[in-house]
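Student: Task: produce atomic coordinates for the following.
(one chain, ligands or ions: 1)
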Amino acid sequence: MIKKTVESAMNEQIKREEFSSRLYLSMAIWCEVNGYPGAASFLFRQADEERMHQLKLVHYVNDRGGKAVLMALTAPETHFDSLSHVFKQVMEHEQYITASINDLFEVAMNEKDYTTGNFLQWYINEQIEEEKTMSTILDKINLIGNEHGGLFHIDKELGLMAAAPVEAKAE
Ligand code: OFO
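Tutor: Residues are numbered from 1 along each chain as shown. Next comes the predicted model:
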């Protein structure tokens, strides 16, 4: 049975993952209406992944005898200055999520809840991957600046990334 302290910390993370999904959805919408269809597809897919991260936590909390709770969320930003602004925000958000997962892991360890610690290992690894992907994208965008031809190619590349098969991450 999951301890109350761990359960409520997990519920906070459920909220963060849900917010991540909505934030990326909002970014995808901005990209779609601003002529970046590839980046939009990439971010729509990220939004789906974050929803999957949320659901995985929901099932875990419920399966351990707790109860997942949905909380009120603030509306995500809807305006971005540029594609580079979007991905800078994604990077910062992922770093924030990494820190929150680490804090959550610490809560579990303090409670000697090694089962939850073990479960959270998946998220720790996932964050390494996501930060790596986002930093590569951001480096490319920074390199080309706001040059149109370059942005066109990056958008195309992001579209290809979105079309690539999803690895069996959820398992
Ligand atoms: Fe992008 O991360 Fe969820 O966990």
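
Student: Please list all residues in contact with Ser41.
Tutor: By CB atoms under 8 Å, 6 or more residues apart in numbering, the contact list for Ser41 reads Ala28, Leu158, Gly159, Ala162, Ala163. C-beta coordinates here come from the backbone N, C-alpha and C atoms, glycine included.

Student: Contact residues of this structure facing the ligand?
Tutor: By CB under 6 Å from any ligand atom, the part of the chain that sits against the ligand consists of Glu17, Ser20, Glu50, His53, Glu94, Ile97, Tyr123, Glu126, Glu130.

Student: Could you identify which of the contacts of Ser41 has the most neighbours?
Tutor: Leu158 (25 neighbours; other CB atoms under 10 Å).

Student: Check that one and give its pLDDT.
Tutor: On the pLDDT scale, Leu158 is placed at 96.

Student: For the strand or helix carrying it, which residues meet the burial criterion?
Tutor: Of the helices and strands defined by DSSP states H and E, Leu158 is found in helix 148-163. Across helix 148-163, burial judged by 16 or more other CB atoms under 10 Å covers Leu151, Ile154, Asp155, Leu158, Gly159, Ala162.

Student: contacting residues for the third one?
Tutor: What that stands for is Asp155. Contacts of Asp155 by CB under 8 Å, 6+ apart are Tyr36, Pro37, Gly38, Ala39, Leu83.
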